[in-house]
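Q: build me a model from this:
(one chain, ligands or ions: 2)
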Amino acid sequence: MKKFEVAVIPGDGIGKEVVPVSLKVLETVAEVHGGIKFDFQSFPWSSDYYVEHGKMMPDDGLKILKNFDSIFLGAIGNPALVQDHIALWGLLIKIRREFEQSINIRPAKYFKGLKSPLVNPNDFDLIVVRENSEGEYSEVGGRIHKGDDELAIQNAIFTKKGTERAMHYAFELAKKRRGHVTSATKSNGIFHSMPFWDEVFNEVKEEYQDVQTASYHIDALAAFFLTRPQIFDVIVASNLFGDILTDIGGAIMGSIGIAPAANINLNGKYPSMFEPVHGSAPDIVGKGIANPIGQIWTAKMMLDHFGEEELGSKLLDIIEDVTNDGIKTPDIGGTSSTEEVADEICRRLKKAV
Ligand code: ATP
Ligand code: MG
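A: Ligands and ions are numbered 1, 2, ... in the order given. All right, here's what the predicted structure looks like:
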């Protein structure tokens, strides 16, 4: 019996609604698998915790989390209680940085039965590998002068190591999928970093003769999401470009409530963290209508990470069938509750094995 120790942080808002039902789904997966077991330990670290303790998590929080196989997180943020930047930097970003989660993985796939703004979304099935620790989101730079002469300088940091590891991850992923990697560049406009990005991409691709590649400028690439979505399998992108592309991906899927994500630690020193793309959604909290698919799909990514890919893909098929059969929350045009969607997924999981 393989045992996985998972730290669970439901967090704020609908995180507290979609995480418990996703744990039920994971328990069901373990039950039908027979050879794996999850040991969930839940932590109440959140904006409510902040109100009581003046911090988002205890001082030894990272030390506690470090010993787990992974972290399963709902959503962080409740602007009525804590300012967003304090909440995010006090927990989410702290974990991402301290645990060297240098890659952010965001799949986007069209599910039958969803309303997409694309005329023909059927072939939309891709994964964005987003560099998660450097790039354009750096603190290097500053502002000088005042008044009309004021100027701001923002430096983007691209290290060879950081760029290479994102690209290697993308190629390894592509080998398990349809064998194609697209690089998001902008070397016709950005003078230093993007020609460097291209160089590293060209070097890395030599190691993967069996993987096909393409390289597009980010502006054209973003347009191709809408006009030629079928050309993409795995896309490797910098922090900023990846951020923008994955929001377009979420919109094409039909709701932010179904988009999953994972922050991956590649050096094995720290746990990876699995959290959906959506936030705490204060506007729908307490109504029982939060879409649990983003969180459940995120759980599927955690299964993949644990090497349980076969059951993971079965789970994804079941999610798609449930959606296609109309068992949907209101954000994607249905009338079902959070619980009903998750219960139906569990029921079909038990039936499928
Ligand atoms: P954050 O700042 O925490 O990243 P946000 O406040 O910008 O997030 P969300 O909390 O993701 O954004 O909410 C954006 C919109 O999407 C809201 O109207 C919310 O109700 C809706 N939404 C987000 N997640 C879900 C979900 N799982 N199910 C249904 N609707 C959702
Ligand atoms: Mg918010």
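Q: what does the chain put close to ligand 1?
A: 14, 75, 77, 256-257, 278-281, 283-284, 290-291, 294, 331 (CB under 6 Å from any ligand atom). Heads up, the C-betas are built off the backbone N, CA and C, glycines and all.
Q: in PyMOL, how would I select just the buried ones from those residues?
A: A single PyMOL command selects the buried members of the residues of the chain next to ligand 1 (16 or more other CB atoms under 10 Å):
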select buried, resi 14+75+77+256+257+278+279+280+281+284+290+291+294+331
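Q: take the residues of the chain next to ligand 1 and keep only those in strands.
A: Members of those lying in strands (criterion: DSSP state E): residue 75.
Q: so which of the residues of the chain next to ligand 1 are also by ligand 2?
A: Among the residues of the chain next to ligand 1, the residues that sit close to ligand 2 (CB under 5 Å from the ion) are 77, 279.
Q: find the pair from the residues of the chain next to ligand 1 with maximum spatial separation.
A: Greatest spatial distance among the residues of the chain next to ligand 1 (CB to CB): 77 and 331, at 18.1 Å.
Q: so how far is the helix or strand hosting residue 343 from its chain's centroid?
A: Counting by DSSP states H and E, the element that carries residue 343 is helix 338-352. Relative to the centre of its chain, helix 338-352 is centred 23 Å away, using CA atoms, centre = their mean, to the nearest Å.
Q: Validate this expectation: residue 116 resides in a helix.
A: No: with DSSP: H, G, I helix; E, B strand; the rest coil as the criterion, residue 116 is coil rather than part of a helix.
Q: ok, it to residue 173 distance?
A: Separation of residue 116 from residue 173 (CB to CB, to the nearest Å): 23 Å.
Q: related to what we said a few turns ago, can you list contacts of the helix holding residue 343?
A: For helix 338-352, the surrounding residues in contact (CB atoms under 8 Å, 6 or more residues apart in numbering) are 17-18, 21-22, 24-25, 28-29, 31-32, 288-293, 296, 314-315, 318-319, 321-322, 327-329, 336.
Q: at 6 Å what do you get?
A: Contact with helix 338-352 is made by 17, 21, 25, 28, 32, 288, 290, 292, 318, 322, 327, as judged by CB atoms under 6 Å, 6 or more residues apart in numbering.
Q: quick one: least confident of those residues?
A: Ranked by pLDDT, those bottom out at residue 32 (93).
Q: you'd agree it is up against residue 314?
A: No: counting by CB atoms under 6 Å, residue 32 does not reach residue 314; the two are 9.0 Å apart.
Q: just want to know which of the two has more residues nearby.
A: Neighbour count, other CB atoms under 10 Å: between residue 32 and residue 314, residue 314 has more, with 18 against 15.
Q: can you tell me how far the closest residue to ligand 1 within the chain sits from residue 313?
A: Nearest residue of the chain to ligand 1 (CB to the nearest ligand atom) works out as residue 279 at 2.0 Å. For residue 279, the distance to residue 313 equals 27 Å [CB to CB].
Q: spit out the contact partners of the closest residue in space to residue 238 that isn't next to it in sequence.
A: Take residue 238 and drop its neighbours on the chain: the residue closest to it by CB to CB, 6 or more residues apart in numbering is residue 135, 4.2 Å away. Neighbouring residues of residue 135 by CB under 6 Å, 6+ apart: 156, 238-239.
Q: do residue 298 as well
A: By CB under 6 Å, 6+ apart, the contact set of residue 298 is 260, 274, 276.
Q: of these, which qualify as buried by neighbour count?
A: Buried members of those, counted by 16+ other CB under 10 Å: 260, 274, 276.
Q: and of those, the nearest to residue 233?
A: residue 260 (17.3 Å).
Q: okay but that closest one is in contact with residue 295, surely?
A: No: taking CB under 6 Å as the definition, residue 260 is not a contact partner of residue 295, at 7.8 Å.
Q: flag every residue of this protein that's near ligand 2.
A: Taking CB under 5 Å from the ion as the criterion, the chain approaches ligand 2 at residues 77, 279.
Q: one step back: list residues touching both of residue 260 and residue 295?
A: Common contacts of residue 260 and residue 295, defined by CB under 6 Å, 6+ apart, comprise residue 276.
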